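**Student:** sequence and predicted structure are below.
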Amino acid sequence: MIFELDNVELSFNGKQILYGVYIKAETERITGILGSNGSGKTSLLKIFFGNLSCNNKLVRINNKGTLKKLYTKENVRFLPQTDFLPNISLKTLFTIYRISWEEFTEKFPSFRDHINFKLNQLSGGEKRLVSIWLTIKSDAKLIMLDEPFTHLTPVYTGIIKEELIIEKKNKAILLTDHLYRDILEITDDLYFIKDGCSRAVSTTGELQTLGYIST
Ligand SMILES: Nc1ncnc2c1ncn2[C@@H]1O[C@H](COP(=O)(O)OP(=O)(O)OP(=O)(O)O)[C@@H](O)[C@H]1O
């Protein structure tokens, strides 16, 4: 499947944030979005998902425009930066989301004893890991992830990157994070947001030229 976001115009209090953005996410590809703080990456993902309104936008699925908000479609999932899961036990959460607890604890054995823990009994990073896992292991056709690697132990980030490469066989994956080395490593396509516009990038040299990383 191909998911496209085009013609985005967003302003807050008269200040233009986004006005020349085109983003494409497609099955079997991991698409990254980079950009400096405040450039509009989170806003862009929310606009794509449909939970932030803007002055203008065009969403296409398989080349056909749709006015339906993507969050109304069961096959699109979004991992926001903030907590979104209810404070219930991990056992209940994994059951509701129909995600294998065995597969999760095989990858993350330290959670084995936590099956009856409520979400708020986990550390911030552990909670984030559960949110990421439930999102990436869902049967969605498009998953959007806002800063999935921030707050994770490096070894957990490594496992999540491996899983994203497995999951992309059946999914379009769109993600943003300031851990740009991890993003560069796993993405097939990469966009950079600057001055309200998106442009395709692929090398650290370009990121230096754009002033995102130091020379
Ligand atoms: N609800 C809002 N009201 C007013 N301004 C907002 C609102 N939400 C975001 N902004 C502004 O829009 C701009 C883009 O914010 P956004 O969170 O999309 O940036 P970002 O690229 O995700 O930043 P970061 O990398 O720091 O997370 C910022 O200047 C921010 O202050």
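**Tutor:** Okay, I see it.
**Student:** from here on, contacts and neighbour counts on C-alpha atoms
**Tutor:** Fine.
**Student:** next secondary structure element downstream of the longest strand along the chain?
**Tutor:** Longest strand of the chain, by residue count under DSSP state E: strand 2-12. Going down the chain from strand 2-12, the next helix or strand is strand 15-18, by DSSP states H and E.
**Student:** and that next one, what does it pack onto?
**Tutor:** Helices and strands touching strand 15-18, by 3 or more C-alpha pairs under 8 Å, 6 or more residues apart in numbering; DSSP states H and E, are strand 2-12.
**Student:** can you give me the buried ones in the strand it packs on?
**Tutor:** Going by neighbour count (16 or more other C-alpha atoms under 10 Å), the buried part of strand 2-12 is 2-10.
**Student:** direction included, what does it pair against?
**Tutor:** strand 15-18 (antiparallel), strand 23-26 (antiparallel), strand 56-61 (antiparallel) (DSSP bridges).
**Student:** close to the ligand, is that strand?
**Tutor:** Yes - Strand 2-12 lies within reach of the ligand by C-alpha under 6 Å from any ligand atom, at residue 12.
**Student:** turn the buried residues of strand 2-12 into JSON lines, columns for pLDDT.
**Tutor:** Formatted as JSON lines, the buried residues of strand 2-12 follow (pLDDT from 0 to 100):
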{"residue": "2", "pLDDT": "96"}
{"residue": "3", "pLDDT": "97"}
{"residue": "4", "pLDDT": "97"}
{"residue": "5", "pLDDT": "97"}
{"residue": "6", "pLDDT": "96"}
{"residue": "7", "pLDDT": "94"}
{"residue": "8", "pLDDT": "96"}
{"residue": "9", "pLDDT": "96"}
{"residue": "10", "pLDDT": "97"}
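**Student:** assign a three-state SS to the most centrally placed residue in the chain, would you?
**Tutor:** By C-alpha atoms, centre = their mean, the mean C-alpha position of the chain lies nearest to residue 145, the distance being 1.2 Å. At residue 145 the chain is in strand, as set by DSSP: H, G, I helix; E, B strand; the rest coil.
**Student:** touching, it and residue 82? I think so.
**Tutor:** No - between residue 145 and residue 82 there is no contact under C-alpha atoms under 8 Å: 11.3 Å.
**Student:** neighbours of residue 114, how many?
**Tutor:** For residue 114, the neighbour count with other C-alpha atoms under 10 Å is 16.
**Student:** ok, now the one 5 residues further on?
**Tutor:** The number of residues packed near residue 119 is 22, by other C-alpha under 10 Å.
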